[in-house]
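Novice: Provided below for reference: sequence and predicted model.
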Amino acid sequence: MSSHAAPRALLWLLAALVARPALAQRSTRVAPPEVAAISVTPLLARFYWADCGEDCFDRSWRAWTFSRTTDTWGSLGPRPTAPTIPSKQPAYEPAKSVRLDGAFRLAYSRSDARGPVFSVVSTADKRRFSLRPAVSAAERWRAVADHRLAVRSLTKEPPHLSTAIRTWATSADAIWFGLQGHYTAPGGLLRFDRKTHRVEAIVDPMISTATVVEMAASRAAVWVAVDTNYGGMSRRGTGILRYDRAARSWRRLTAQNSPLPDDDVLTIAATGDTVWVATRTGVAVLDDASGRWSVRHARVAAAIDSVTESIPATGHTDEDGVRRWESDARPVIVARWELTERPAPDDSRERAIVALGRVLRPVPESSPFAVGWLETVVDPDSFVATLRSVPVAHFDSAWGGDELVVERALAHPRLVRFAAATIHVEEHGGTSWDSEVVGALGWAGDPAYLPTLRELATAASEPGPSVAFALARLGDTTGTAMLRTWLARGLSGYGAGEIRNRLIQLGDTTIVPWLAAREEYGAARQVATRAQWHALVRDALARPSAATALLYTARWSGVDAVAPDAESRALLARLARAAFAAPPPPDSASYVEREGALTAAQVLAALRDTAAVPELIAGLADARRYAGAMVALIEMTGADDCPAPPAPTAEERDVARRFWAAWWDARRATFVPASQDAGLAALRRWRERWVPRG
């Protein structure tokens, strides 16, 4: 037991006044250092990254290094200030321009309907050269031809090229600009010729619907890293793109077809034939002429360090009324990063040790910090050794990206005692616990912790969703009852989402009506019984808004997830046919409601519902239903020879209706739906048939 009994009692009295316990205030994100910049000199390349220490209170800069004379890797740092690297971001102010190099600057003048208007300005004579090259309709169609949303949009004219410049790179003969791309405004590269001042657009389906975020120019190629855009969502993880300047062709390098550490490229630099790349988990150097690589992976090792902090319940108030705290060194577990030739097999465990050290803050019993309820009283060396004794596979499953799910990480027989150690119930009634950790007692499934949880639940009155969840997982039905009650009437300090999620984790089917009433069909599907799910889909047949929400879920989650059996597929098809035939929504309707007919048609196509074909054919006569019906018919049949365009007149809609009616009459008896790939290929061919040429 701790020898700091008197001050500890005062701390527990203070803790009793806390309405919602929350010990886990430290970040559980432990990711490899993100290289922010690369600088290259004739002797050395530096990959700069910020070392944030514990929770980024004290930021310093370090660098991985590569010797260009010995081809060896090393490190530098720390340094207190950030490296000076020229910015490659445009200025969106008409009075300002940005230096490209000694001869040219980039200037913004205004924005119009197409986007920002940029020009290259000669520093010698102030002449301006517009960065809006002419791009033919055929080239613009080709740029987005492989993008599913663009193919489905069914507009008559191709989208204009993006004008939004995101970054640039320079070479001896040209300046290269990377554009922000989307299927509604395809991007790519712009090449500005230094001698002729001619501007050329370089568009390709591989890059047109992505945003260029990093680029560099080597002797023979331009190297590009992108964020991909799909339906407004953005992500990296696409490797690095190489544009061969002589062959005018693109090639994608990934961790699967090259030695790249991973596919999430952070920054790029190039000098001569050498390309320098920093990815999310490592760094690489490529000699583009010979194809030779040198690659290193970032590895973390948990280490015990110390920080100086004020000691709880100590110090005095001076004559000026200022509180003067006593301080001492508190042990902390930190991440030490190094480079290795191969990925570390224990990476997830070492990162978990760092994250759990932040949350549980282990201190020895003799430490003056052992009196507080923010710390876990356990020797830090023993804490680390215990965590390292747990198989790596256990921690692999506890990571959600770079964030550790603490309660899942502690749900192991050797570790669950650390979660239990955050629970304190004092004789005077004070309680404290870690609401982000205590759920581990439930996941671990050890009933030996039931008495501790019950004592806490009694003393705290309303202990919160994590405690209730742990009780329920260990077989105490009062936990489930508490969660149901709080979901119905609310619980101070907690959102309904937290309570809802715990009931879903418990597989509590009583929550299904609550989820259905809020049209949360994706969540309802996780816990509903087969009978409940069928009843829920039937109920949606009588509720237009519910039908729209359910179809929207099916459209984006996939019909197999929403309709896993024959009966639910039949019900979903009925729902989609009814929604497709429903009258148009009012102008005040939401986007999802206004897209109801298109969504319904897409679901019918995904279900390959041949019973809906006559209704889809009839829908071709209606301008509102035409797009969805045409897409669905082509995808279901694989036929691409309909003689009607994507954006038809009334007469052309009638031509389409008569074509499909005759097609269906001739093949109805022996019809077999096309595969998804064949359907999309047919849709692309039909669309390209109507692309303007020239």
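Specialist: Everything's here; your move.
Novice: run through the residues that contact Leu607.
Specialist: Val559, Ala563, Arg569, Leu572, Ala573, Ala576 (Cβ atoms under 8 Å, 6 or more residues apart in numbering). For glycine as for every other residue, the C-beta is placed from the backbone atoms N, C-alpha and C.
Novice: filter these down to just the ones in helices.
Specialist: The helices, defined by DSSP state H, take in Val559, Arg569, Leu572, Ala573, Ala576 from those.
Novice: and these, which are buried?
Specialist: Taking 16 or more other Cβ atoms under 10 Å as the criterion, what is buried in the ones in helices among the contacts of Leu607 is Val559, Arg569, Leu572, Ala573, Ala576.
Novice: widest-spaced pair of the residues you listed?
Specialist: Arg569 and Ala576 (10.4 Å; Cβ to Cβ).
Novice: what sits against Ser310?
Specialist: Trp325, Glu326, Ser327.
Novice: can you name the residues bridging to it?
Specialist: Ser327 (DSSP bridges).
Novice: where's it relative to Phe369, distance?
Specialist: 10 Å (Cβ to Cβ, to the nearest Å).
Novice: number of nearby residues for the closest residue to Thr274 other than its chain neighbours?
Specialist: Spatial nearest neighbour of Thr274, chain neighbours left out: Asp287 (5.9 Å); criterion: Cβ to Cβ, 6 or more residues apart in numbering. Look at Asp287: counted by other Cβ atoms under 10 Å, it has 15 neighbours.
Novice: same question, Phe659
Specialist: With other Cβ under 10 Å as criterion, Phe659 counts 18.
Novice: pretty sure it contacts Thr637?
Specialist: No - at 11.6 Å, Phe659 does not count as touching Thr637 under the criterion of Cβ atoms under 8 Å.
Novice: okay, now Asp641: neighbour count?
Specialist: 11.
Novice: ok, Ala411 - contacts?
Specialist: With contact set as Cβ under 8 Å, 6+ apart, Ala411 has these partners: Ala440, Trp443, Ala444.
Novice: okay, now the domains of this protein?
Specialist: When the chain is parsed with automatic domain parsing, its domains come out as 5-29+297-505, 35-79, 111-280, 530-689.
Novice: give me the mean pLDDT for the longest one.
Specialist: Domain 5-29+297-505 comes out with an average pLDDT of 86.
Novice: longest helix in this protein, by residue count?
Specialist: Longest helix in the chain by number of residues (criterion: DSSP H): helix 650-667.
Novice: immediately after that one, which helix or strand?
Specialist: helix 676-689 (DSSP states H and E).
Novice: that following helix - contacts with which helices or strands?
Specialist: Judged by 3 or more Cβ pairs under 8 Å, 6 or more residues apart in numbering; DSSP states H and E, helix 676-689 is in contact with helix 148-153, helix 623-637.
Novice: quick check, distance from the longest one to the centre of its chain.
Specialist: Helix 623-637 has its C-alpha centroid displaced from the chain centroid by 32 Å (Cα atoms, centre = their mean, to the nearest Å).
Novice: swap in stretch 307-323?
Specialist: On Cα atoms, centre = their mean, the centre of stretch 307-323 falls 43 Å from the chain's centre.
Novice: pLDDT of stretch 596-614, averaged?
Specialist: For stretch 596-614, the mean pLDDT works out to 93.
Novice: dump the C-alpha coordinates for that stretch into CSV.
Specialist: What follows is stretch 596-614, C-alpha atoms only, in CSV (Å, rounded to 0.1, in the frame of the first residue of the first chain):
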residue,chain,number,x,y,z
GLY,A,596,-34.5,8.3,-54.6
ALA,A,597,-35.3,7.0,-58.1
LEU,A,598,-31.6,6.8,-59.1
THR,A,599,-30.7,5.0,-55.8
ALA,A,600,-33.6,2.6,-56.3
ALA,A,601,-32.5,1.8,-59.9
GLN,A,602,-28.9,1.2,-58.7
VAL,A,603,-30.1,-1.2,-56.0
LEU,A,604,-32.3,-3.1,-58.6
ALA,A,605,-29.2,-3.3,-60.9
ALA,A,606,-27.1,-4.6,-58.0
LEU,A,607,-29.7,-7.2,-57.1
ARG,A,608,-30.0,-8.2,-60.8
ASP,A,609,-33.8,-8.1,-60.3
THR,A,610,-35.1,-9.2,-63.6
ALA,A,611,-38.7,-8.7,-62.4
ALA,A,612,-38.0,-5.0,-62.4
VAL,A,613,-37.0,-4.8,-66.1
PRO,A,614,-40.5,-3.9,-67.4
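Novice: next, the buried residues of it.
Specialist: Buried, per 16+ other Cβ under 10 Å, within stretch 596-614: 596-610, 612-613.
Novice: show me what contacts Val121?
Specialist: Going by Cβ under 8 Å, 6+ apart, Val121 touches Ser97, Phe104, Arg105, Leu106, Ala107, Arg127, Arg128, Phe129.
Novice: of these, which is the nearest to Leu541?
Specialist: The closest of the contacts of Val121, once distances to Leu541 are taken by Cβ to Cβ, is Leu106, at 57.4 Å.
Novice: if we look at the sheet, which residues does the closest one bridge to?
Specialist: With DSSP bridges as the criterion, Leu106 is bridged to Val98, Val120.
Novice: can we start the residue count at 539 from this point?
Specialist: Got it, the first residue is 539 from now on, which makes the last one we talked about Leu644.
Novice: report how many residues lie close to it.
Specialist: The number of residues near Leu644, taken as other Cβ under 10 Å, comes to 23.
Novice: point out where the stretch 1039-1188 of the chain drops to low pLDDT.
Specialist: Within the stretch 1039-1188 of the chain, the stretches with pLDDT under 70 are 1125-1132.
Novice: where exactly do the strands run in it?
Specialist: Under the criterion DSSP state E, counting those that start in this stretch, the stretch 1039-1188 of the chain carries no strands.
Novice: against Asp731, how distant is the residue nearest to Ala723 when sequence neighbours are not counted?
Specialist: Nearest non-adjacent residue to Ala723, counting by Cβ to Cβ, 6+ apart: Ser700, 4.3 Å away. According to Cβ to Cβ, Ser700 stands 20 Å off from Asp731.
Novice: so between these two, which is more surrounded?
Specialist: Legend: neighbour count by other Cβ under 10 Å for Ser700 and Asp731, higher for Ser700 (25 against 13).
Novice: for Thr812, what are its contacts?
Specialist: Thr812 touches Arg606, Ser756, Val823, Leu824, Asp825, Asp826, counting by Cβ under 8 Å, 6+ apart.
Novice: can you check the pLDDT for it?
Specialist: pLDDT for Thr812: 97.
Novice: residue contacts, the nearest residue to Asp711 once chain neighbours are set aside?
Specialist: Closest residue in space to Asp711, ignoring its immediate chain neighbours: Arg732 at 5.9 Å, by Cβ to Cβ, 6+ apart. Counting by Cβ under 8 Å, 6+ apart, Arg732 makes contact with Ala641, Phe642, Ala710, Asp711, Ala712, Ile713.
Novice: now, of those residues, which are buried?
Specialist: Applying 16+ other Cβ under 10 Å to the contacts of Arg732, the neighbour count classes Phe642, Ala712, Ile713 as buried.
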